[in-house]
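[1] Below are the sequence and a predicted model; questions follow.
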Amino acid sequence: MSQRFAPITVALTGQLTFTLIIAAILALVASYLLLHRYRRAVIRSMRRRSRSDILEIKGFLPPEPEHKPNDAPLRFDFVTRDAADSKENASLLYRQATRRRWLIAFIHAVAGCCFAAIMTAAFFNATKMEFSPIRFLFPTWANAWPIVMAVDLAIALSRRGRIVMASAYFLIGGVIISIVLANDPGLPIGRLVYLWLESNAPATLLLVVFLNRRIRAVGPLVLVFMILSVTGGNLIVTLTGNNQNVLKAIRDFSFPIGFGAKNTLVTLHLIGFAAAAIVGWIILGVLRRLYEAKMVSEPSITIDAAWLLFGIINSSQLAFYGPRWIMSGVVAFIVYKLVAAGLFRACGISRRAQSKRYRLLTLRVFALGKRRESVYDTLGKWWRTVGSMQMIAGPDLATSTIEPHEVLDFVTGTLDRRFIDSGRTLDILIHHMDLEPDQEGEFRVTEFFCHDDTWKITLARLADESDAVLMDLRGFSQTNSGCVFEIHEVFNILPLSRVVFAVDATTEQTFMRQTIQQAWRQIKDRSPNRRLPAGQVSLVELSGTSAVGFHNLLYALCAAASVKPT
């Protein structure tokens, strides 16, 4: 390696561990602080009352005179996938949702294999290693480890699914290692293990931390941003320190004004950090425009951040063989994106999704909890292959459903513009609601931010225009007066066949049934349910981490959305 490139090589490789540690600490602090402040801002605005005539509106349906109670019988039924054969439309929509989600995961896996092959090719070229198909197998398999994490992020696998996926990966690796050792018996197996850990351990540990449910919405992006910024600080210090003319000019300027060596060093770090941060901020702005133009989806942004992290770390190690190899990770990432985009287009997944666009409104008991967030994360991934989701924003999911443009709106101080403070604002937001799939076949989640006195009219408007409504009654009790209002309102607006109620052991079943029975008896004369000879309430039991309950829920929602209007 020529002496000319030594400073850059040192900056990119010798300080890699330091860069990762500092970037991880800064990213953790920044992620928690950002989401904490975002949640506080959302709660503060929600509790604020609007200054609008919307206060006079009590619901979507106008007040009615006293009417005779509804005496039609009401039945409670638990929905399972076992009934799939009896509802052809529901079964078809359910199969479309599941197949498209697995197709999306498959495309990410194929594109990931291309990423791994490019990184392996860069390794062979940088080290001048003689090529052979057998030698090419092991490093490609090692570089393909992020596929396991990408598939999990794309599908939201259950714990059992993650174990099966990881086991399949290592089973393939065992076969490849056996072939390599058979071809080269003298090769120590410990060296192969070390090479795998060197390629994957640092990035995997970082992602395990930053894919934690509490910071997953912004963590990976903030981590990549911080790695670039800290690297910029280290790079400018290294380059300055190895250029005697620049170093002398800085010393002649800083020392006379009282800046010692330590303060000068800190200032150089900050200048490099700021310069790289500006570049990172521009990249975030480009990412936002791509997201709003529907070139990328919210799940793929997290997956892309994971691939880019692996590319940055592994290509930094190749910089020992020359500074140009630092770009190998970026090249591999670009190839990954091009292959994925080409496959999405070739499969026509976006075109198929546009044929029928279902709208799902999700209502819930506002209560924090990992189980609740897990269900919404998983349901969002699977449902959004066939339709969009709308929800009224609440403090429980404020930081788990946050999307890229909402983060930037908060950072730039424009989040309040998203809050509904008048009937006109509500009309505008509903008119501009995003109901089209992006190029990856993913529909969007639209959150409606409401003040304390605007959520009821928003609920009524959204329910009236939805194909299906999910009412998550986990944790439902007599203290949830808002949820009681929602049940009554939904009974008045939507056919009961389009509503699904999710329950679990935390639901006060007796009170829930009493509330639903009361809402059924008090439905207004203009309600579509008033003409029914009998009513049927669709319930889904969600228990623990079982995937059965989730798939029953997905099928129930497909059945509700596919009900033909009467």
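    Arrived safely. Residues are numbered from 1 along each chain as shown.

[2] And the strands in this protein?
    In the chain, the segments counted as strands under DSSP state E are 74-78, 358-364, 387-392, 419-420, 445-450, 468-472, 499-503, 535-541.

[3] Out of those, flag the one nearest Trp145.
    strand 445-450 (29.5 Å; CB to CB). In short, each C-beta sits where N, CA and C put it, glycine included.

[4] Would you indicate which residues of that closest one are buried?
    Residues of strand 445-450 classed as buried by neighbour count (16 or more other CB atoms under 10 Å): Val445, Thr446, Glu447, Phe448, Phe449, Cys450.

[5] ok, now stretch 120-136?
    Thr120, Ala121, Ala122, Phe123, Ala126, Arg135, Phe136.

[6] Closest to Ile236 out of the residues you listed?
    For the buried residues of stretch 120-136, the nearest to Ile236 is Ala126 (24.8 Å; CB to CB).

[7] What residues does the closest one make contact with?
    Residues near Ala126 by CB atoms under 8 Å, 6 or more residues apart in numbering: Leu318, Tyr321, Gly322, Trp325, Ser328.

[8] Is it possible to mark the buried ones in the residues you listed?
    Leu318, Tyr321, Trp325, Ser328.

[9] hang on, the first one packs against Arg324?
    No - contact between Leu318 and Arg324 fails when scored by CB atoms under 8 Å: they sit 9.3 Å apart.

[10] re the thing from before, select, out of the strands of the chain, the one closest to Asp184.
    Using CB to CB, the nearest of these to Asp184 is strand 445-450, at 51.1 Å.

[11] which helices and strands does the closest one pack with?
    Judged by 3 or more CB pairs under 8 Å, 6 or more residues apart in numbering; DSSP states H and E, strand 445-450 is in contact with helix 16-47, strand 387-392, strand 419-420, helix 455-464.

[12] Leu192 is nearest to which of these?
    helix 16-47 (21.7 Å).

[13] Next, the angle from that closest one to strand 445-450.
    50 degrees (axes from the mean of the first three to the mean of the last three CA atoms, to 10 degrees).

[14] wait, what's in contact with Arg444?
    Glu298, Arg384, Ser388, Met389, Glu403, Asp434, Asp438.

[15] How about Ser538?
    Applying CB under 8 Å, 6+ apart, we find Ser538 in contact with Asp77, Val79, Ser497, Val499, Val500, Phe501, Ala556, Ala559, Ala560.

[16] ok, back up a step: could you redo the helices and strands packed on strand 445-450 as TSV and give each row mean neighbour count?
    Formatted as TSV, the helices and strands packed on strand 445-450 follow (neighbours: other CB atoms under 10 Å):
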stretch	mean neighbour count
helix 16-47	17
strand 387-392	23
strand 419-420	22
helix 455-464	20
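
[17] Can you add pLDDT and neighbour count and give the contacts of Ser538 back as JSON lines?
    Output for those, formatted as JSON lines (pLDDT from 0 to 100; neighbours: other CB atoms under 10 Å):
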{"residue": "Asp77", "pLDDT": "91", "neighbour count": "10"}
{"residue": "Val79", "pLDDT": "88", "neighbour count": "22"}
{"residue": "Ser497", "pLDDT": "91", "neighbour count": "19"}
{"residue": "Val499", "pLDDT": "94", "neighbour count": "25"}
{"residue": "Val500", "pLDDT": "94", "neighbour count": "25"}
{"residue": "Phe501", "pLDDT": "94", "neighbour count": "25"}
{"residue": "Ala556", "pLDDT": "92", "neighbour count": "26"}
{"residue": "Ala559", "pLDDT": "91", "neighbour count": "25"}
{"residue": "Ala560", "pLDDT": "92", "neighbour count": "26"}
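
[18] re the thing from before, can you tell me which of the buried residues of strand 445-450 lies nearest to Asn529?
    Phe448 (24.6 Å).

[19] Quick check: bridge partners of that closest one?
    Beta bridges link Phe448 to Ile392, judged by DSSP bridges.

[20] and it, what is it in contact with?
    Counted by CB under 8 Å, 6+ apart, Phe448 has contacts Gln390, Met391, Ile392, Ala393, Ile420, Leu429, Thr458, Leu462.

[21] how much space between the residue nearest to the fourth one when sequence neighbours are not counted and Thr362?
    To tie it back to what came earlier, the one meant is Ala393. Residue nearest to Ala393 in three dimensions, not counting chain neighbours: Glu447, with 4.3 Å by CB to CB, 6 or more residues apart in numbering. Applying CB to CB, to the nearest Å, the value for Glu447 to Thr362 is 10 Å.

[22] Mutual contacts of these two, please.
    Common neighbours of Glu447 and Thr362 (CB under 8 Å, 6+ apart) are Gln390, Met391.

[23] Show the pLDDT at the residue lying closest to Ser527 once chain neighbours are set aside.
    Excluding the flanking residues, the one nearest Ser527 by CB to CB, 6+ apart is Asn492, at 4.6 Å. According to the prediction, Asn492 has pLDDT 90.

[24] correct me, but Asn492 touches Lys524?
    Yes - counting by CB under 8 Å, Asn492 touches Lys524, with 5.2 Å between them.
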